[in-house]
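Chemist: Build me a model:
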Amino acid sequence: MTIIQNKIDFAIVFTVNKANPNGDPLNGNRPRQDYDGHGEVSDVAIKRKLRNRLQDAGEAILVQSDERRTDGYRSINDRVLGNEDVAPYFAKNNKAANKEELVEMFASKAWYDVRAFGQVFAFKGTDVSVGVRGPVSIHAATSVSPVEITSMQITKSVNSTTNEKDPSRKTSDTMGMKHRVDFGVYLFCGSINPQLAERTGFSDEDSEKLKQAFITLFANDSSSARPDGSMEVNKVFWWEHNSKLGQYSSAKVHRSIKVKLNDDDKIPNSIDHYTITVEQLEGLSVKEYDGL
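Modeler: Next up, the predicted model:
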């Protein structure tokens with residue numbers, strides 16, 4: 001596999017329709033918003049979806065969701081110490097002078113998400129602490145326009161447990177709240193750094209797999225908060241520079257994406273109410289892909 005030689009930038013536009021794209025646990029699991037009312041989805045949530053998609057595609061993933069485990073390990077610690085290439089360097093009797101470099105090399109080779117996003121390896125009871133910097137950086141997603149949030153009260157009226165005082169009677173109903181974004185168009189950007197790719201071994205093949213994960217980002221991601229079809233990738237934009245540094249800064253490349261509401265006086269409820277354009281940068285072409 002060939003390590004990527006040139007810088008890559010990317011941008012993804014997606015829609016949310018009557019779903020909670022990323023609840024805030026410190027705010028009753030309401031969809032995240034900034035102070036201006038724009039919706040937000042954290043970079044951590046986006047990486048979780050990417051890991052899930054890549055895992056579905058057969059890639060080895062270190063940071064697995066417990067319900068999606070493809071091995072017998074219940075923690076990152078167990079998964080690392082269960083790898084025969086990486087584990088020996090965490091043993092206290094290992095006197096190798098370059099243990100940190102070897103952990104980085106073997107962990108990057110073993111797991112796609114380490115190779116892409118990096119990882120901190122610091123476990124209790126070991127004397128090795130390694131921070132791997134990954135080449136793929138991803139921004140938080142922000143909605144183009146402020147979003148409206150609808151909240152509804154829900155009731156669980158079934159018996160989870162038996163009424164101990166009178167088994168013939170049902171237990172008390174449980175009240176709760178459910179929140180959703182009525183509609184929003186979100187945008188997030190990111191880049192792939194070739195200098196860091198050289199350290200972790202992130203290859204052209206890996207970048208192609210990442211692109212496909214963006215295109216299919218919400219496949220197999222449905223839940224009560226995100227019903228199937230309520231979140232959709234609309235466009236994926238991909239820029240491949242002709243050098244390691246890149247012809248333009250990532251900030252300038254990302255600003256070239258324009259997503260504008262056609263009518264400011266109309267409440268948007270469809271991607272058709274927006275116009276997506278890309279400002280052409282001299283000497284740097286962009287590839288555009290539709291979402292799944």
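Chemist: Bridged to residue 122, which residues?
Modeler: For residue 122, the beta-bridge partners under DSSP bridges are residue 129.
Chemist: didn't it look like it was pressed against residue 100?
Modeler: No - the pair residue 122 / residue 100 is not scored as a contact, 11.2 Å apart, by CB atoms under 8 Å. Backbone N, C-alpha and C define where each C-beta goes, glycine included.
Chemist: between those two, which one's more packed in?
Modeler: Taking other CB atoms under 10 Å, residue 122 and residue 100 do not tie; residue 100 has more neighbours (16 against 10).
Chemist: helix or strand for the more buried one, which one?
Modeler: Using DSSP states H and E, residue 100 maps to helix 99-110.
Chemist: cool, and residue 251?
Modeler: Counting by DSSP H and E, residue 251 is found in helix 250-255.
Chemist: Return the set of buried residues in the helix or strand just after that helix.
Modeler: As assigned by DSSP H and E, the chain's next helix or strand after helix 250-255 is strand 257-261. Residues of strand 257-261 classed as buried by neighbour count (16 or more other CB atoms under 10 Å): 257, 259.
Chemist: Can you tell me what sits against strand 257-261?
Modeler: Residues from elsewhere that reach strand 257-261 (CB atoms under 8 Å, 6 or more residues apart in numbering): 11, 13, 144-145, 185, 187, 189, 237, 268, 273-279.
Chemist: Try it again at 7 Å.
Modeler: Residues outside strand 257-261 that contact it (CB atoms under 7 Å, 6 or more residues apart in numbering): 11, 13, 144-145, 185, 187, 237, 268, 273-279.
Chemist: Which members of those occur in strands, if any?
Modeler: With strands taken from DSSP state E, the overlap with those comprises 11, 13, 144, 145, 185, 187, 237, 274, 275, 276, 277, 278.
Chemist: how about the strands of the stretch 151-292 of the chain, start to end?
Modeler: Using DSSP state E, counting those that start in this stretch, the strands of the stretch 151-292 of the chain run over 174-192, 231-240, 257-261, 274-278, 286-290.
Chemist: packing partners for the longest one?
Modeler: Strand 174-192 sits against strand 8-19, strand 30-31, strand 38-41, strand 136-138, strand 141-146, strand 149-156, strand 257-261, with contacts defined as 3 or more CB pairs under 7 Å, 6 or more residues apart in numbering; DSSP states H and E.
Chemist: about what we covered before: for ChimeraX, what selects the buried ones among the ones in strands among the contacts of strand 257-261?
Modeler: In ChimeraX syntax, the buried subset of the ones in strands among the contacts of strand 257-261 is picked out as below (16+ other CB under 10 Å):
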select :11,13,144,145,185,187,237,274,276
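Chemist: so which of the ones in strands among the contacts of strand 257-261 comes closest to residue 33?
Modeler: Closest approach to residue 33 among the ones in strands among the contacts of strand 257-261 (CB to CB): residue 145, at 11.9 Å.
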